[in-house]
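>>> quick one, fold the following:
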Amino acid sequence: MEKTLHGLRVAYENWEQPDRFAQLLQLLEQYDTGITQVALFSSSVHSPLTMPETARRAAIMRDRLCALKQKGYSAGINILATIGHHEEDLPHTVGAPYRPMVGSSGKVSHATFCMNDPVYLRDYVAGIYRIYAEAVPDFIWVDDDIRCGHMPIGDGCFCDDCIADFNTRHGYRFTRETLCEALAQEGADPAQITLRKRWLDRNSDAICGLFRVIGSAVRGVDEKITLGFMTGERYSEGYQFARYADALSDGGSHQIMWRPGGGAYTDYAYDELVEKSEQIARQNAYLPPYVTVILSEIENFPYNLIKKTPKSTALEAALTMTVGCTGAAFNILPSETGEPLQNAAPHLAAIAALKPFYLGLQQWCAGLTPVGIGTGWRIDSEATRGFFRGTGWGYGSVAREVFSFGLPQSFSRTGALVTVLIGTQAAVMTDDEIRQLLSGGVYLDAGAAQYLTDRGFGGEIGFAVDRSIPVDARERYTDDPLNAGITGGLRNCRQAFHPGDSVAIIPQAPGCRVLAGLVDYHGQTLAPCTMGVFENALGGRVCVAGYYPFSWVSDYYKTLQLKAVFLWLSRNTLPAFVQSYCRIRTVALQGEGKSCVTVFNTTNDTQQQPEIMLKTQKETVSVLTAYAGEQSFSTVPARDGYRALTLPKLDPYEGVVIRL
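Okay, here's the model as predicted:
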């Protein structure tokens, strides 16, 4: 299992009939893709199969797995529905006596079952996993129906038994209605945060209990079977992946695998693939170190193969390997028996063309941690706001545009050299944690500055929030060293078109430096200060930004300023950044006595001679390219201990790895 590069997930329709399965084997033999693992989907529908049907399919799987092993593959099973995911094919799914999930509205999901139902766990879950384990797989993947965001209810289980258990644990007397009302309330009051955290912990407990049942059932048949789990952005469940891994691995005593993922089924908007890589990075950041096989979910569901090109499919896998994945799990085959399997051949050919690059990424990047600017997001951030407002909150993506032009992003507290905070994000932090944060480099919006001031940290911030200026304001840059080359420049975020933050702030301490003020369309001053920096008594460096701090920041002058500001906040410790004015994604990785930098062109155009600034003393660096292999490039001295590397070009959606 340690030598796994890529996996392939095979739809039920592609393995159930022997002739279709034989065609698949022939197709795979045509391409040297680096696919070493093949997983057979248990089903094509997302509702739990009956036990008799499970047994019928497992018997066929046994023969198919044997054939795959004879071809040299690691062969296993992908169980699509353990507790259920969607209301599909209801006449053929399980039902009573098992307890269905009930949403916050009281709506019942007829194909999703409560993870706290002991009968379902004992009789159904343990039963089907034993059946699949007896088919002699090398591994079993648990799919991502193990979550709280199920259809059609969308927000977890609020059945009478779950609420009664929650009340008993904590001494509450909630009904479904009063509990949901309390969880939905906005505010950062400590009692509200405690309630939300307890509910999130309860959801995590349910998942851990389920995994212990699965692990016991499978290992009771064969301890050598490796278990794996697929995740996504799981805010409603508490995001406690380290706990899930411990439960699935029995405290780390058994090897397990992980498959982080999340959407992006087309390349119509390529940025969706970039955003997905960021989501995957957050998932990987909270895995324990004993999880060493991490295959990103690369999925073209529902398998309309022209909706994501072969090149995008292949390069998406490479992009995820820059943020902690050791390979990819491709789900790209046609799913209906009427479509020729050969339609997937261009995708397999594109994957094969990148195999040397994948192997280099695995060798250079695996086990390293992304280091740079962190968003301040943590797994308990969900508790700072009211529930039931959709998924994908968590503060993880608030500064996405800041990272679009070459500043390096971190996804964990340990890798953050500078931290971004917004609003009441710090409400889940203790005073000591806040003090430690303010001892480093911090970039705050006005909401975060106000919240921290209310918590008693105004002296460490240096600026006070004054007032909102909601219309016709433009940011004008002052004569400060951090604004070198842009003094007097303007940024207009067009409030009439794009309402957003436009807040005046006031310097409160000696040493405050004003970086920008606000003026109207005629140059008249609206506020002398909307952005500034300050060095506090803790030794930290703080920037407070009141004017559109995270949106519409791709203006040329603003990119220059933000690069200077984040370098200053980090005390020039950022491992790398892109000097050129272009859209390039940068991830800097460190650990185990080695470091590297990955840069990807995330546009439709070739970027000619992009200049990358590297924190290194090396005059020559090795660069692994996507299609031309490893090459050596010279660097030249730049400022503040950095050296500049100029690449000849970066083609659309292609990347390189630079070894430092």
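>>> okay, domains of the chain per the record?
Per automatic domain parsing, the structural domains of the chain span 6-368, 370-572, 584-659.
>>> make a markdown table from these and add distance to Val578 and mean pLDDT to it.
C-beta here means a position set from N, CA and C on the backbone, and glycine is covered the same way. Putting the domains of the chain into a markdown table (distance: least, C-beta to C-beta, whole Å; pLDDT from 0 to 100) gives the following:
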| stretch | distance to Val578 | mean pLDDT |
| --- | --- | --- |
| domain 6-368 | 15 | 94 |
| domain 370-572 | 2 | 94 |
| domain 584-659 | 5 | 95 |
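>>> using a markdown table, lay out those together with mean neighbour count.
Formatted as a markdown table, the domains of the chain follow (neighbours: other C-beta atoms under 10 Å):
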| stretch | mean neighbour count |
| --- | --- |
| domain 6-368 | 19 |
| domain 370-572 | 19 |
| domain 584-659 | 18 |
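>>> give the next helix or strand downstream of the helix or strand where Ile77 lies.
Using DSSP states H and E, the element containing Ile77 is strand 74-79. Later in the chain than strand 74-79, the nearest helix or strand by DSSP H and E is strand 100-102.
>>> which residues touch the helix or strand following that next one?
Where DSSP H and E defines the elements, the next helix or strand beyond strand 100-102 is strand 108-113. For strand 108-113, the external contacting residues (C-beta atoms under 8 Å, 6 or more residues apart in numbering) are 46-48, 81, 83-88, 90, 93-95, 98-103, 120, 124, 145, 150-153.
>>> isn't Phe577 right next to Lys563, touching?
Yes - taking C-beta atoms under 8 Å as the definition, Phe577 is a contact partner of Lys563 at 6.0 Å.
>>> residues shared between the contacts of these two?
Contacts common to Phe577 and Lys563, judged by C-beta under 8 Å, 6+ apart, are 406-407.
>>> do I have it right that Pro302 meets Glu336?
No - counting by C-beta under 8 Å, Pro302 stays clear of Glu336, with 9.6 Å between them.
>>> who touches Tyr265 in this structure?
299-302, 307-308 are the contacts of Tyr265 under C-beta under 8 Å, 6+ apart.
>>> let's see it at 10 Å
Taking C-beta atoms under 10 Å, 6 or more residues apart in numbering, we find Tyr265 in contact with 272, 276, 299-304, 307-308, 331.
>>> among those, which one lies nearest to Ala314?
Of all those, Ala314 sits closest to Lys308, with 10.2 Å by C-beta to C-beta.
>>> please tell me how far that closest one sits from Glu316.
Lys308 is 8 Å from Glu316, where distance means C-beta to C-beta, to the nearest Å.
>>> then Glu630?
When Glu630 is compared with Glu316 (using C-beta to C-beta), they lie 22 Å apart.
>>> spatially central residue in this structure, please.
The chain has Gln279 as the residue nearest its centroid, 1.4 Å off, counting by C-alpha atoms, centre = their mean.
>>> how about the nearest residue to it, chain neighbours excluded?
Spatial nearest neighbour of Gln279, excluding adjacent residues (C-beta to C-beta, 6 or more residues apart in numbering): Gly262 at 4.6 Å.
>>> tell me the phi and psi of the one you found?
With angles defined as degrees, to the nearest 10, Gly262 sits at phi 150, psi 80.
>>> quick one, what contacts it?
144, 230-234, 272, 275-280, 282-283, 296-297, 299, 391-392.
>>> check Arg219 too.
Counted by C-beta under 10 Å, 6+ apart, Arg219 has contacts 129, 133, 225, 227, 250, 253-254.
>>> which SSE is Ser296 in?
Assigned by DSSP H and E, Ser296 belongs to strand 293-299.
>>> which stretches of the stretch 201-350 of the chain form helices?
Under the criterion DSSP state H, counting those that start in this stretch, the stretch 201-350 of the chain contains helices at 241-249, 271-285, 310-320, 345-353.
>>> what lines up beside the strand holding Ser296 in the sheet?
Looking at strand 293-299 with DSSP bridges, its partner strands are strand 256-260 (parallel), strand 327-331 (parallel).
>>> could you dump those to a markdown table with distance to Val218?
Below are the strands paired with strand 293-299 laid out as a markdown table (distance: least, C-beta to C-beta, whole Å):
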| stretch | distance to Val218 |
| --- | --- |
| strand 256-260 | 11 |
| strand 327-331 | 19 |
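>>> any idea which of those strands gets closest to Gln436?
Nearest of the strands paired with strand 293-299 (C-beta to C-beta): strand 256-260, 28.3 Å.
>>> any idea how far the closest one is from the chain center?
13 Å (C-alpha atoms, centre = their mean, to the nearest Å).
>>> CA atoms only: put it into CSV for me.
Only the C-alpha atoms of strand 256-260 are listed here, as CSV (Å, rounded to 0.1, in the frame of the first residue of the first chain):
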residue,chain,number,x,y,z
ILE,A,256,-5.6,3.5,6.8
MET,A,257,-6.0,5.6,3.7
TRP,A,258,-7.7,9.0,3.1
ARG,A,259,-9.4,10.4,0.1
PRO,A,260,-10.1,14.2,0.4
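>>> can you give me the angle that strand makes with helix 310-320?
Relative orientation of strand 256-260 and helix 310-320, computed by axes from the mean of the first three to the mean of the last three C-alpha atoms, to 10 degrees: 120 degrees.
>>> relative to strand 74-79, how tilted is strand 256-260?
Going by the same axes, to 10 degrees, strand 256-260 makes 60 degrees with strand 74-79.
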